[in-house]
Structure formats: C-alpha cells, structure tokens
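S.K.: the following comprises the amino acid sequence and a computationally predicted model.
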Amino acid sequence: MRIYQFEHVQLAMPPGGEETATAFYEGLLGLPRVPKPPHLEVRGGCWFSNGDVALHLGVEADFRPARKAHPALLVDDLPALETTLQAGGADVYRDQPLDGFDRCYVDDPFGNRIELMEPA
C-alpha cells in the first residue's frame with residue numbers, strides 16, 4: 001500500500017468569499033472553477049480544477065488564514081504568472097532559494113499562503 005497522488009488540497013475562506021476566490025484562483029492563477037456536488041454546494045465555498053490540480057476552498061465561520069501551511073503548485077513560465085498576479089493586484093514575494101526551483105509566494109485574497117514553483 002502506498003500514497004501516490006493528491007486528489008485535492010483544501011484551504012479555508014470566510015463566508016461569502018466565493019466571487020473573490022473565483023477572481024483570484026480562476027482569473028489570476030488560471031484554475032477553472034468547477035461545480036460542487038449539490039449536497040455540498042449548500043455549505044458554501046468553491047472548487048477549482050484544471051484536470052491535473054484540484055484545489056477546494058471551504059467556508060469557516062471563524063476563518064483564520066493559513067500563513068505557514070500552504071500548497072505548493074508547480075507552474076511553467078513563473079515570470080509570466082508573477083506579472084499576471086501583480087497586474088491583478090496580488091503581492092508576490094520571495095523567500096530563500098530552493099535548489100532545482102525558481103519559486104515565489106503569493107497570498108490569496110483571504111491571506112492564505114500559496115507557493116508557486118517552476119523546476120529550474
């Protein structure tokens with residue numbers, strides 16, 4: 001038995017943030033919003049997936065952003081994505097280098113940390 005792949009990663013968001021999430025995750029990061037099953041839709045939140053990567057945002061009434069814990073997304077053309085994010089008003093920031101990757105971080109509109117990595 002082994003773990004071989006993530007099915008999805010879930011982050012939290014405050015109530016009522018679905019359109020803000022869509023503007024960021026779909027509009028800037030390019031992950032299309034996909035429908036939630038009807039029995040889960042009533043809880044709020046939203047799901048995004050491009051077929052390879054699935055990221056879910058679930059509503060937490062007492063929401064606090066994930067500042068240290070974060071998903072790391074592999075991307076191609078990191079400089080172009082950074083430009084898109086900055087043009088969309090997102091703050092992109094760097095940390096210590098990591099061998100084999102060009103990488104940066106961006107906070108989603110709710111303050112959740114997202115790492116973006118491009119293999120060198």
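M.R.: Structure received. Numbering: from 1, shown residues only.

S.K.: neighbours around residue 80, how many?
M.R.: Residue 80 has 10 neighbouring residues, counting by other C-beta atoms under 10 Å. Backbone N, C-alpha and C define where each C-beta goes, glycine included.

S.K.: quick check, it in a helix?
M.R.: Yes. With DSSP: H, G, I helix; E, B strand; the rest coil as the criterion, residue 80 is part of a helix.

S.K.: and the pLDDT for it?
M.R.: Note on residue 80: pLDDT of 97.

S.K.: what distance do you get for it to residue 118?
M.R.: 10 Å (C-beta to C-beta, to the nearest Å).

S.K.: check residue 49 too.
M.R.: The gap separating residue 49 from residue 118 is 20 Å, by C-beta to C-beta.

S.K.: and residue 59, its phi and psi?
M.R.: Residue 59 adopts backbone torsions of phi -80, psi 130, taken as degrees, to the nearest 10.

S.K.: that one bridge partners, please.
M.R.: residue 13 (DSSP bridges).
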